[in-house]
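A.B. asks: Quick one: sequence and predicted model below, then my questions.
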Amino acid sequence: MLKKKEELKNRKGLTWKDCSTCLNFVERFEGCGTGMLPSKMGRCREIGLSPGKQYRILPKYICDAHKANPKYHQGGV
C-alpha cells in the first residue's frame, strides 16, 4: 500500500460519508491501464494524481483528509 494512503488511514467508508462525497476526489482521472488502453479511475488530490495502480481510490472508501462537499449535504446532487 502507498505510504500516503497508510498515513491518511484509507479504509472502507460509511454509507453517508465516503470518497465520492469529498472535495479532493477526482472521479474520472485518465490514467494508463494494462496494455495500451487508457482507463478511468478515481484519484485523490491529497494522496496524489500520479498514474499507477497504487494511486487508485475507490469511491466507497474514506480517509482522514476527507473534506465534505456541500452539494451532497444540502440535498442536491
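C.D. replies: Arrived safely, thanks for sending.
A.B. asks: going forward, measure contacts between C-alpha atoms and count neighbours the same way
C.D. replies: OK.
A.B. asks: Okay, strands next: where are they in this structure?
C.D. replies: For the chain, the strands identified by DSSP state E occupy 11-12, 25-32, 38-44, 61-62, in order along the chain.
A.B. asks: Now do the last one, average pLDDT.
C.D. replies: Strand 61-62 shows a mean pLDDT of 95 in the predicted model.
A.B. asks: Packing partners of that strand?
C.D. replies: Strand 61-62 sits against strand 11-12, with contacts defined as 3 or more CA pairs under 8 Å, 6 or more residues apart in numbering; DSSP states H and E.
A.B. asks: Report the strands that pair with the strand it packs on, each with its relative direction.
C.D. replies: strand 61-62 (antiparallel) (DSSP bridges).
A.B. asks: Take the strands of the chain and lay them out in CSV including distance to Pro51 and mean neighbour count.
C.D. replies: Below are these laid out as CSV (distance: least, CA to CA, whole Å; neighbours: other CA atoms under 10 Å):
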stretch, distance to Pro51, mean neighbour count
strand 11-12, 21, 15
strand 25-32, 5, 17
strand 38-44, 9, 18
strand 61-62, 19, 19
